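Peer 1: Have a look at this prediction, sequence included:
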Amino acid sequence: MSVATGTDSKSGHTRADQAASHKLVRLRRMRTTATCLLVAMIVLLVVCVTWQAHHPWLQWPRAFAEAATVGAIADWYAVVALFRHPCGIPIPHTAIIAKNQQRIAESLGSFVEQNFLTPEVILARLSGFNAAQALAEWLAVRHNSVVIADVVAGSLPRLLEGLDETDVEHLFTRFVIPRLRTVDVSRVASQLLDILTEGNRHQPLLDRGLSAAESWLNANVDRIKAKFGEASKFTPAPLDAYIVNKFVEGIIALIHEVVANPEHELRQQFDAAVQELSVNLRTSPAYRRFGRVVLRDCIQHLEGGGYYRVMLDHLRALVLADLGSGQSAVREMLAGTLASIGRGVASDASMQHKLNAWWLDIAGQLVLRHRHQLSALITDVVKGWDENEVTRKLEAEIGRDLQYIRINGTFVGGMAGLLIHACVFLAAR
C-alpha cells in the first residue's frame with residue numbers, strides 16, 4: 001500500500017510539473033506574439049515616416065501605427081509592472097505582486113473567510129447533497145469496503161509498532177481503569193445471566209456440564225472406591241465396590257434422564273437457582289460488596305502484575321500474524337462491517353436524514369469555530385512563499401490572458417489613433 005501511495009504521489013508531481021511546463025510554453029508563445037506585433041507597429045511607423053513625403057496617403061497608416069505603438073508599449077508596461085520592474089528599472093509602483101505579497105496574503109485570507117467560510121455559504125452548498133446516502137452506497141460495494149479495510153489494516157502494524165508499554169499503561173490508567181471502578185460487577189453479572197437464560201440459552205451449557213460430570217465419574221470410579229473404603233473401615237472391600245458402583249450407576253442414570261427430558265425436575269430446579277442467583281446479584285448488598293472486592297482485586301492485580309507489556313506483545317503478535325496470513329480475519333471483519341453499515345444506511349432514509357443533519361451541524365460548528373484559523377493558514381502559506389516563485393506561478397496562470405490585453409491594446413490604440421487623425425483631418429478641411 002505504501003509503495004502504491006508513493007507511486008501515485010510521484011505520478012501526481014509529474015503531471016503537475018508537465019502542466020506547469022505546458023502553461024509556461026503557452027505564455028512564452030503569447031508573449032512572443034504580442035512583442036512581435038509591437039515590433040511590427042514600430043517598423044510600420046518607421047516606414048511611414050520615411051516615405052510619407054513621397055506618398056502623402058501614408059499619413060493614415062502612420063496615425064494607426066503611432067497610436068498602436070503607444071498602446072502596445074503602455075499595455076506592455078502595465079503587464080510587466082504587475083510582476084517585475086520594467087527593464088530592471090526600479091520604477092515606483094512596479095513589481096506590484098512581489099512588493100505587496102504580505103498585503104495580498106492578508107487580503108486573500110480575509111476574502112476567503114468572509115465570502116466562503118461562513119455557515120450560510122457552507123451549509124447552503126452542503127444541504128442539498130445527500131452525503132449519507134452517497135457514502136453508504138459507496139461503502140455497500142464490496143470492492144470499496146475492501147479498499148478501506150486494506151488501508152486501515154495496513155496502518156495497524158505501524159500503529160502497534162509505535163506503541164510501547166507506557167502508552168498502554170497510560171491508556172488503561174486514563175480511560176479504562178477509572179471506568180472499570182464505576183462498574184457494578186454484580187449487576188453486570190445479573191444482566192449476563194438474564195441474557196444467558198433468555199430463550200433457554202443456558203440449557204446447552206447444563207447439558208455440557210452433565211456430560212462432563214458423567215465422564216468424570218466414569219474416569220474416577222476406582223478413586224471413589226478407594227476413598228469410600230478409607231472412610232468405611234469396617235465393611236468388606238467387595239461391599240464397598242458394590243455400593244460405589246451402584247451409586248455411580250445411579251448418578252449416571254439420573255444424568256441421562258435429565259439430558260433426555262427437557263422438562264425434568266432437576267432442570268427446573270437449576271433454572272430456579274439461576275434466576276435466584278440473578279436476583280441476588282442485582283439486589284443483595286452482600287453480593288454487590290463481594291463484586292466490588294473482586295473488581296478491586298483484579299484492578300490491583302492488573303496494575304501490579306506488569307501485564308501491560310504482555311497484553312501489548314500478545315496483541316501485536318496476534319494482529320501481525322493475522323495480517324500476514326492469506327485470509328486475514330481483521331481485513332475480512334473490517335470489510336464486512338463497512339459493507340454491512342453501508343447497506344443498512346443506504347436502505348434507511350430515516351438514518352440518512354439523521355446522519356445528514358448530524359454532519360451538517362458539525363460542519364456549521366467547525367466553520368464557526370475554525371474559519372479564522374483556516375483563513376490564517378491561507379495567509380501564512382501565501383506569506384511564506386518565495387517572491388519570485390509567487391510571481392512565476394501567477395504569471396504562468398494569468399500571464400497568457402494578459403498578453404491578449406497587450407495585443408488588444410495594440411489594435412484598439414491603432415484604431416483610436418486612426419479615428420483621432422480622421423477627426424483632425426476633417427476639422428482642418
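Peer 2: Yep, that arrived. Quick caveat, the model's predicted, so the values are computed rather than measured.

Peer 1: how close does M415 get to G71?
Peer 2: 9 Å (Cβ to Cβ, to the nearest Å). C-betas here are computed from N, CA, C, even on glycine.

Peer 1: out of the two, which sits in the more crowded spot?
Peer 2: Taking neighbours as other Cβ atoms under 10 Å, M415 and G71 compare with G71 leading, 23 against 14.

Peer 1: can you pull the buried residues of the worst-scoring helix or strand of the chain on mean pLDDT?
Peer 2: Every helix and strand of the chain was ranked by mean pLDDT, DSSP states H and E. The lowest is helix 165-171, at a mean of 76. Neighbour-count burial for helix 165-171 flags 168-169 (criterion: 16 or more other Cβ atoms under 10 Å).

Peer 1: swap in stretch 177-193?
Peer 2: Within stretch 177-193, the residues that qualify as buried by neighbour count (16+ other Cβ under 10 Å) are 185-186, 189-190, 193.

Peer 1: how about those, which pair is most distant?
Peer 2: Maximum pairwise distance in these, criterion Cβ to Cβ, is 12.6 Å, between V185 and L193.

Peer 1: what's the overlap in contacts for the two?
Peer 2: Counting by Cβ atoms under 8 Å, 6 or more residues apart in numbering, V185 and L193 have no common neighbour.

Peer 1: and T337, how many residues sit next to it?
Peer 2: For T337, the count of nearby residues is 13 (other Cβ under 10 Å).

Peer 1: nope, N220 is what I meant
Peer 2: N220: 13 surrounding residues under other Cβ under 10 Å.

Peer 1: Could you do V112 as well?
Peer 2: Residues lying near V112 (other Cβ under 10 Å) number 16.

Peer 1: same question, N356
Peer 2: So N356, with other Cβ under 10 Å, has 17 neighbours.

Peer 1: pLDDT at it, what is it?
Peer 2: Model confidence at N356, given as pLDDT, is 88.

Peer 1: and what of V293?
Peer 2: V293 is assigned a predicted lDDT (pLDDT) of 87.

Peer 1: Put the alpha carbons of the helix or strand where it lies into CSV.
Peer 2: According to DSSP states H and E, V293 maps onto helix 285-304. C-alpha atoms of helix 285-304 as CSV (Å, rounded to 0.1, in the frame of the first residue of the first chain):
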residue,chain,number,x,y,z
PRO,A,285,-25.9,-5.8,49.3
ALA,A,286,-23.6,-8.7,50.2
TYR,A,287,-23.2,-9.8,46.6
ARG,A,288,-22.6,-6.3,45.5
ARG,A,289,-19.9,-5.8,48.1
PHE,A,290,-18.3,-9.1,47.0
GLY,A,291,-18.4,-7.9,43.4
ARG,A,292,-16.7,-4.6,44.3
VAL,A,293,-14.0,-6.5,46.2
VAL,A,294,-13.4,-8.9,43.3
LEU,A,295,-13.1,-6.0,40.9
ARG,A,296,-10.8,-4.1,43.2
ASP,A,297,-8.5,-7.1,43.5
CYS,A,298,-8.5,-7.6,39.7
ILE,A,299,-7.5,-4.0,39.1
GLN,A,300,-4.8,-4.2,41.7
HIS,A,301,-3.5,-7.4,40.1
LEU,A,302,-3.6,-5.8,36.7
GLU,A,303,-1.7,-2.7,37.8
GLY,A,304,0.9,-4.5,39.9
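
Peer 1: After it, heading C-terminal, what element do we hit next?
Peer 2: helix 307-324.

Peer 1: continuing past that next one, what's the next helix or strand?
Peer 2: Moving toward the C-terminus from helix 307-324, the next helix or strand (DSSP H and E) is helix 329-346.

Peer 1: Could you list the buried residues of the helix holding V293?
Peer 2: For helix 285-304, burial by neighbour count (16+ other Cβ under 10 Å) applies to 287-288, 291, 295, 302.

Peer 1: CSV please, covering the residues you listed and showing distance to L312.
Peer 2: Shown next, in CSV, are these (distance: Cβ to Cβ, whole Å):
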residue, distance to L312
Y287, 34
R288, 33
G291, 28
L295, 23
L302, 13
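
Peer 1: From those, pick the one nearest A427.
Peer 2: Comparing the buried residues of helix 285-304 against A427 with Cβ to Cβ picks out L302 as the nearest, at 104.9 Å.

Peer 1: contacting residues around the closest one?
Peer 2: 172, 177.

Peer 1: Could I get the pLDDT score of it?
Peer 2: Looking at L302, the pLDDT reads 73.

Peer 1: next one: V121
Peer 2: Value listed for V121 in the pLDDT field: 81.

Peer 1: For it, pull up the helix or strand it's in.
Peer 2: Counting by DSSP H and E, V121 is part of helix 119-126.

Peer 1: on that earlier part again, what's the spacing between the helix holding V293 and its chain's center?
Peer 2: In this view, helix 285-304 has its centroid 40 Å away from the chain centroid, taken as Cα atoms, centre = their mean, to the nearest Å.

Peer 1: Low-confidence stretches in the stretch 251-400 of the chain?
Peer 2: Counting by pLDDT under 70, the stretch 251-400 of the chain has low-confidence residues at 305-306.

Peer 1: swap the cut-off to 80 and go again
Peer 2: Residues of the stretch 251-400 of the chain meeting the criterion pLDDT under 80: 299-313, 325-327, 382, 385-390, 393-394.

Peer 1: Please parse this structure into its domains.
Peer 2: If you go by automatic domain parsing, the domain ranges for the chain are 2-99+386-428, 146-342.

Peer 1: Is A213 in contact with I255, as I believe?
Peer 2: Yes: taking Cβ atoms under 8 Å as the definition, A213 is a contact partner of I255 at 6.4 Å.

Peer 1: Now do stretch 364-378: everything it contacts.
Peer 2: In contact with stretch 364-378 (Cβ under 8 Å, 6+ apart) are residues 105, 108-110, 112-113, 117-119, 122-123.

Peer 1: what about 7 Å?
Peer 2: 108-110, 112-113, 117-119, 122-123 (Cβ atoms under 7 Å, 6 or more residues apart in numbering).

Peer 1: Can you check those and name whichever has the most neighbours?
Peer 2: Highest count within the contacts of stretch 364-378 by other Cβ under 10 Å belongs to G109, 22 neighbours.

Peer 1: Distance of that one relative to Q365?
Peer 2: Going from G109 to Q365 by Cβ to Cβ gives 21 Å.

Peer 1: Same check on D271?
Peer 2: Applying Cβ to Cβ to D271 and Q365 gives a distance of 53 Å.

Peer 1: Show me which of the two is the more surrounded one.
Peer 2: Comparing D271 with Q365 by other Cβ under 10 Å, the one with more neighbours is D271, at 15 against 11.
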